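Undergrad: sequence first, predicted model second:
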Protein chains: 2
Amino acid sequence: MIADGLVELRELGEFGLIARIKEKLPPQAQGVIKGIGDDGAICSLAKDKALVSTVDLLVEGIHFDLTYTSPYFLGRKSLAVNLSDLAAMGAKPLYALISIALPSCLKVEFVDEFISGFLEVAKENEVSLIGGDTSASPDKLFISVTLLGEGAKEQLVCRQGALVGDDIYITGTLGDSLWGMKILQQKKGRPFSAAESFLVSRHLNPTARVKEGQIIAQRNLAHAMIDVSDGLLSDLGHICTESKVGATIWAEEIPLSSSLKRLAQEKGEAPWKMALMGGEDYELLFTAPAEKAAEIRELNKEWDCGVTKIGQIEILAHGLVVKNAHGVIDIHQCRGYDHFAKSFLPPLEPSQR
Amino acid sequence: MIADGLVELRELGEFGLIARIKEKLPPQAQGVIKGIGDDGAICSLAKDKALVSTVDLLVEGIHFDLTYTSPYFLGRKSLAVNLSDLAAMGAKPLYALISIALPSCLKVEFVDEFISGFLEVAKENEVSLIGGDTSASPDKLFISVTLLGEGAKEQLVCRQGALVGDDIYITGTLGDSLWGMKILQQKKGRPFSAAESFLVSRHLNPTARVKEGQIIAQRNLAHAMIDVSDGLLSDLGHICTESKVGATIWAEEIPLSSSLKRLAQEKGEAPWKMALMGGEDYELLFTAPAEKAAEIRELNKEWDCGVTKIGQIEILAHGLVVKNAHGVIDIHQCRGYDHFAKSFLPPLEPSQR
């Protein structure tokens, strides 16, 4: 114990920390034969299902800033970003493993809240935490989550497979997370308006479209699918590259939240600019043949997040083109995020500061 | 490009790095339906097999020191430590995912060598690299590897299950890795003798007992099994806790390499002391009923690493006792490693410096 009554990790120790996490786990779920506490976890998959796996890394100072996010939201987001990847394959998420390196001066309460957030998203999505590894970190917090799921081989959707003439769809709204992050960086603790709070929450606490992804896969609606984590242009670029096709996006069709529209109007900005560049929206981007259009319009009514047609797949030579009412938009300044090259957005215009 | 002709990661970018890793991959293995390059990987498991999964974290400054290890050996070890965990369940390793955060000033050649080492161990063990995530790191190198495998539910071996009267066995030799690490720390680049080189290599380039673990499981030889990563006492402690039993270890029966024995003799040390405390040997520790003794003696002749009886499982009240020719040894100073509490070994005796 230290003066303020909070326990530091160095006092609890590695095995103490693991025991503390184990205590918080719900009763062992179906399919988990052996969970946390052995050299490996043992689980089962449904018969004839393929195993789908993904891993995502969150590094302090690169992916998150502890002055902006709470450990609880960080826990939620650590799993949500992985859920979004499985959703983009149309897979059913099942099992998660956490690998986490923690500065040893960190308080145990930080880890408690982180795990609470993580387990809450796990519960919402019927995912079991089955294993992991913990370590001290010399400096920064480092979180890597592996998520395992299953799907029918013939239903799972890849980036490859988009066909010329396909419609391009997106779930939810785009640009919210990027604007939310900019608000966090600029407001530095000053109070948020309701519209700002919405955007900030979309950045800190994203919702993966798990149910929607599975429906798209099970009904064979999509030829190709990806989640928008690096930005619409970057992620659509992946579909185009893998499918050897081009695409046209109609900027003014991109779905936008009323909060984003309101704030953009106040700043005198075209709101779809943020949506084009934005990353970390964790919406599903997919291409579907024209004969599925009516079925997808029905889903747009059923789903809270909605689903919107925003463009069309073209031949490869067409390239990736964005149009608005005035014609073709120069997209060279709208690149997605690259962690090493730091080629993120140009700085906000003075009017937005 | 920079002056010395070496490319830094910041110039290559995240997608460039992933493309570079993809180029080095062997042709897609059987079972891999979709490997690196989509939101998730899609693989198959053999029918009626359970999924076995494990993750291990290696943090610069905590688990390794780049002044002692080469990127090639680091790549090898990153996978080997996970293979050892699956070996300890008796599972067959199949698929790996790498999550790695790299300082952006790091040279691309570093990553090339790291991946070479990793892929070599993957090839030796018929493991396919199916996915991962890369990120910049503000400072230190972080590596988290997830390994997926399969095994028959009724054959996989856990820590739980040791029975009073079981014999305790260990593959290979113990203590080498710890002594190897101390040599690296103390020699600081000065040349090694042959015996020292052997111990250093056991530390930097451990061999997981993958084949041996699967044989132990398939022949139902073991009631309980674990790999020695934290040290014999700590890892045997896990078996005892999970199985609600005690144990006696005969210190002088612990198998030791001739290199360790020779160096201990020079220092006037009892060689089994290092073996008792040592960690990171990645040998298999298991308990087996007396009727399996003859079959295990046969394996000792067949296996290059050998397998040795070193003690017996006792009732819980007996506790964990280590004996030598003179009686019971005080083991309070022989604790295993705890990353947060830093309760590693007492410093070497002056005679060993």
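TA: That came through, no problem.

Undergrad: report whether stretch A:310-324 contacts chain B.
TA: No. Applying CB under 8 Å from any CB of the partner chain, one finds stretch A:310-324 separated from chain B by no less than 15.1 Å. Using the backbone N, CA and C atoms, a C-beta is placed for each residue, glycine as well.

Undergrad: that's a helix at A:Lys140, yeah?
TA: No. Checked against DSSP: H, G, I helix; E, B strand; the rest coil, A:Lys140 lies outside a helix; its state is coil.

Undergrad: distance check, it against A:Asp112.
TA: 20 Å (CB to CB, to the nearest Å).

Undergrad: which ones are touching A:Lys34?
TA: By CB atoms under 8 Å, 6 or more residues apart in numbering or on different chains, the contact set of A:Lys34 is A:Gly40, A:Ala41, A:Ile42, B:Leu156, B:Cys158.

Undergrad: can you show me the helices along the stretch 251-353 of chain A?
TA: A:258-267, A:272-277, A:293-302 (DSSP state H, counting those that start in this stretch).

Undergrad: nearest to chain B, out of the ones you listed?
TA: With CB to the nearest CB as the criterion, chain B lies closest to helix A:272-277 of the helices of the stretch 251-353 of chain A, at 16.8 Å.

Undergrad: what sits up against the closest one?
TA: Counting by CB under 8 Å, 6+ apart, A:173-175, A:178-179, A:231-233, A:249, A:251-252, A:254, A:256, A:260, A:264, A:322, A:324, A:329, A:331, A:334-336, A:345 sit against helix A:272-277.

Undergrad: what comes up buried for the helix or strand of chain A with the lowest mean pLDDT?
TA: Least confident helix or strand, chain A: helix A:9-12 with a mean of 79, by mean pLDDT, DSSP states H and E. Neighbour counts over helix A:9-12 (16 or more other CB atoms under 10 Å in any protein chain shown) mark A:Leu9, A:Arg10, A:Leu12 as buried.

Undergrad: which one of those residues is nearest A:Ala294?
TA: The nearest member of the buried residues of helix A:9-12 to A:Ala294, counting by CB to CB, is A:Leu9 at 55.5 Å.

Undergrad: spatially nearest residue to A:Asp176 (excluding sequence neighbours)?
TA: Sequence neighbours aside, A:Arg202 is the residue nearest to A:Asp176 in space, at 3.8 Å (criterion: CB to CB, 6 or more residues apart in numbering or on different chains).

Undergrad: what about the one you found, how many residues nearby?
TA: 26 (other CB atoms under 10 Å in any protein chain shown).

Undergrad: and what of A:Val210?
TA: Number of residues near A:Val210 (other CB under 10 Å) recorded here: 24.

Undergrad: same thing with A:His326?
TA: Around A:His326 there are 7 other residues, counting by other CB under 10 Å.

Undergrad: pLDDT value on it, please?
TA: A:His326 carries a pLDDT score of 89 in this model.

Undergrad: for chain B, see how far away it is.
TA: Distance from A:His326 to chain B, counting by CB to the nearest CB, to the nearest Å: 31 Å.

Undergrad: quick one, phi/psi of that residue?
TA: For A:His326, the backbone dihedrals (degrees, to the nearest 10) come out as phi -90, psi 0.

Undergrad: on that earlier part again, for the helices of the stretch 251-353 of chain A, which one sits closest to B:Tyr282?
TA: Comparison of the helices of the stretch 251-353 of chain A against B:Tyr282 by CB to CB identifies helix A:272-277 as nearest, at 47.1 Å.

Undergrad: now the strands for the stretch 101-250 of chain A?
TA: With DSSP state E, counting those that start in this stretch, the ranges of strands along the stretch 101-250 of chain A come out as A:128-137, A:142-152, A:167-171, A:224-227, A:246-250.

Undergrad: what's the angle between the second one and strand B:142-152?
TA: Looking back up the chat, that one is strand A:142-152. 30 degrees (axes from the mean of the first three to the mean of the last three CA atoms, to 10 degrees).

Undergrad: so which bits of strand A:142-152 are buried?
TA: Judged by neighbour count using 16+ other CB under 10 Å, the buried positions of strand A:142-152 are A:Phe142, A:Ile143, A:Ser144, A:Val145, A:Thr146, A:Leu147, A:Leu148, A:Gly149, A:Glu150, A:Gly151.

Undergrad: now do the same contact list for the second one.
TA: Contacts of A:Ile143 were listed using CB under 8 Å, 6+ apart, and they are A:Leu57, A:Leu58, A:Val59, A:Leu74, A:Ser78, A:Ile98, A:Ser99, A:Ile100.

Undergrad: from memory the fourth one sits against A:Leu58, does it?
TA: In this case it means A:Leu74. Yes. Here A:Leu74 reaches A:Leu58: they are 7.4 Å apart, a contact under CB atoms under 8 Å.

Undergrad: got any residues that touch both of the two?
TA: Shared contacts of A:Leu74 and A:Leu58, defined by CB under 8 Å, 6+ apart, comprise A:Phe64, A:Ile143.

Undergrad: who's more crowded, the two?
TA: Comparing A:Leu74 with A:Leu58 by neighbour count (other CB under 10 Å), the higher total belongs to A:Leu74, at 24 against 21.

Undergrad: now the terminal residues of stretch A:54-64, how far apart.
TA: 20 Å (CA to CA, to the nearest Å).

Undergrad: so that stretch, near chain B or not?
TA: Yes. Using CB under 8 Å from any CB, stretch A:54-64 reaches chain B at A:Thr54, A:Val55, A:Asp56, A:Leu57, A:Val59, A:Glu60, A:Gly61, A:Ile62, A:His63.

Undergrad: report how many residues lie close to the first one.
TA: This points to A:Thr54. A:Thr54, neighbours per other CB under 10 Å, totals 29.

Undergrad: helix or strand: which one has it?
TA: Assigned by DSSP states H and E, A:Thr54 falls within strand A:49-59.

Undergrad: next, the angle strand B:128-137 makes with that strand.
TA: If you take the same axes, to 10 degrees, strand A:49-59 sits at 20 degrees to strand B:128-137.

Undergrad: next up, the contacts around A:Asn162.
TA: That one is not Asn; residue A:162 is Ala. By CB under 8 Å, 6+ apart, A:Ala162 lies in contact with A:His223, A:Ala224, A:Ile239, A:Cys240, A:Ser243, A:Val245, A:Ala247, A:Thr287, A:Ile313.

Undergrad: which among the helices of the stretch 251-353 of chain A is found nearest to A:Glu124?
TA: Comparing the helices of the stretch 251-353 of chain A by their distance to A:Glu124 (CB to CB), the top pick is helix A:293-302, with 19.1 Å.

Undergrad: from the chain's centre, how far out does the closest one sit?
TA: Centroid separation for helix A:293-302 versus its chain: 23 Å, with CA atoms, centre = their mean, to the nearest Å.

Undergrad: alpha carbons of that helix, in PDB - could you do that?
TA: In PDB, the C-alpha atoms belonging to helix A:293-302 read as follows (Å, rounded to 0.1, in the frame of the first residue of the first chain):
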ATOM      1  CA  ALA A 293     -30.000  -3.000 -53.500                       C
ATOM      2  CA  ALA A 294     -33.600  -3.500 -52.300                       C
ATOM      3  CA  GLU A 295     -32.600  -5.900 -49.600                       C
ATOM      4  CA  ILE A 296     -29.900  -3.500 -48.300                       C
ATOM      5  CA  ARG A 297     -32.500  -0.600 -48.400                       C
ATOM      6  CA  GLU A 298     -34.600  -2.700 -46.000                       C
ATOM      7  CA  LEU A 299     -31.600  -3.200 -43.700                       C
ATOM      8  CA  ASN A 300     -31.100   0.600 -43.700                       C
ATOM      9  CA  LYS A 301     -34.600   0.800 -42.100                       C
ATOM     10  CA  GLU A 302     -33.900  -2.000 -39.600                       C
END
